[in-house]
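S.K.: Have a look at this prediction, sequence included:
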Amino acid sequence: MVVSVHEAKTHLSKLLTRVAAGEEVIIHRYGRPAAKLVSCETEPADRLGGGDRGQFVVPEDFDQEIPEVTRLFHS
C-alpha cells in the first residue's frame, strides 16, 4: 500500500493495524518513496494453550452424530 505523508499522519492508527496484520505501507513524499512501515515482529509470538480453561464446558454429547445432519451429507 502506498500513501502520502499527509495520509500517513491522518490515518496512522489504521495503517499500524494493517502493518500488524502483515501488510507493508510505503509513505511517499513529493511523489517519491520516503519510508516503509513494516511490522517489528520477525517471528510469530508463541501461543500458550489453556488460556480459556474454565471459561466453557464441552457438552457430554459433543461428538454424538446428529441424524438430520448425517442425512444431508449422504443424500
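M.R.: Yep, it's here. This one's a predicted model, so the numbers in the text were calculated from it and none came from an experiment. Residues are numbered from 1 along each chain as shown.
S.K.: When you work out contacts or count neighbours from here on, use the C-alpha atoms and nothing else.
M.R.: Noted.
S.K.: low pLDDT regions in this protein?
M.R.: 42-45 (pLDDT under 70).
S.K.: so where do the strands sit in the protein?
M.R.: 2-4, 25-29, 32-37 (DSSP state E).
S.K.: For the first one, buried residues please.
M.R.: Spelled out, it's strand 2-4. 3, 4 (16 or more other C-alpha atoms under 10 Å).
S.K.: And the second one, by the same measure?
M.R.: Of the residues in strand 25-29, those with enough neighbours to count as buried (16+ other C-alpha under 10 Å) are 25, 26, 27, 28.
S.K.: Determine the longest helix present in this structure.
M.R.: Longest helix in the chain by number of residues, with DSSP state H as the criterion: helix 12-20.
S.K.: send the alpha carbons of that helix over as CSV?
M.R.: Extracted in CSV, the C-alpha atoms of helix 12-20 (Å, rounded to 0.1, in the frame of the first residue of the first chain):
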residue,chain,number,x,y,z
LEU,A,12,-1.5,6.4,11.3
SER,A,13,-3.6,4.2,13.7
LYS,A,14,-5.4,2.5,10.8
LEU,A,15,-2.1,2.0,9.0
LEU,A,16,-0.5,0.4,12.0
THR,A,17,-3.3,-2.0,12.3
ARG,A,18,-2.7,-3.1,8.7
VAL,A,19,1.0,-3.3,9.3
ALA,A,20,0.4,-5.5,12.3
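S.K.: Now do the buried residues in it.
M.R.: Within helix 12-20, judged by 16+ other C-alpha under 10 Å, the buried ones are 15, 16, 18, 19.
S.K.: Please consider this matter closed, and thank you.
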